[in-house]
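*Asks:* The following block contains a protein sequence and its predicted model.
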Amino acid sequence: MAHYAFLDQNNIVTEVIVGIDETDTSQNWEEWYGNYRGQLCKRTSYNCRGNVHYGEDGLPDGKPAFRKNYAGIGYSYDAALDAFISPQPYPSWSLNTTICLWEAPVPYPTDGKSYIWDESTQTWVVNEN
């Protein structure tokens, strides 16, 4: 089964649907869905995140990643990168264009605790919840 993202005039994802499997090569399904809806349509893969393809077990499976991330409503599609990109979570975060994920200016701590980002101090703060 394949998933398809519909984009508005600003290349923002407005909807993601399950559609015809891409192994059915009798049509260009992106084009077909796009023409049917009158909206630009791009295929997306729910197995992809951060330019890595994951298998059924949730582990990287070595297959090529497709459009770097699974599309979500509100994500943007960057044609130059051929990637779906989530909205920027904080003004201080920058886009890693290799994996098309946003990165904090300070790496997430690796001490096993749960943290939340504090934009005002630009630091990770222990999540007390």
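*Replies:* Sure thing, it's come through.
*Asks:* In space, not sequence, find me the middle residue of the chain.
*Replies:* Asn69 (3.1 Å; C-alpha atoms, centre = their mean).
*Asks:* The spatially closest residue to Val125 that is not a sequence neighbour: how many residues sit nearby?
*Replies:* Nearest non-adjacent residue to Val125, counting by C-beta to C-beta, 6 or more residues apart in numbering: Asp118, 4.8 Å away. Where C-beta positions appear, they are placed from N, C-alpha and C, glycine not excepted. Neighbourhood size, Asp118 [other C-beta atoms under 10 Å]: 11.
*Asks:* Asn51 now?
*Replies:* 19.
*Asks:* Pro60 now?
*Replies:* 14.
*Asks:* doesn't Arg49 make contact with it?
*Replies:* No - counting by C-beta atoms under 8 Å, Pro60 sits too far from Arg49 to count as a contact (9.9 Å).
*Asks:* how far away is Trp102 from Ala71?
*Replies:* Trp102 sits 16 Å away from Ala71, going by C-beta to C-beta, to the nearest Å.
*Asks:* between the two, who's got more neighbours?
*Replies:* Ala71 (27 against 16).
*Asks:* Pull the contacting residues for the more buried one.
*Replies:* 3, 5, 13, 16, 42, 44, 77, 84 (C-beta atoms under 8 Å, 6 or more residues apart in numbering).
*Asks:* Pull the most distant pair out of those.
*Replies:* His3 and Tyr77 (13.5 Å; C-beta to C-beta).
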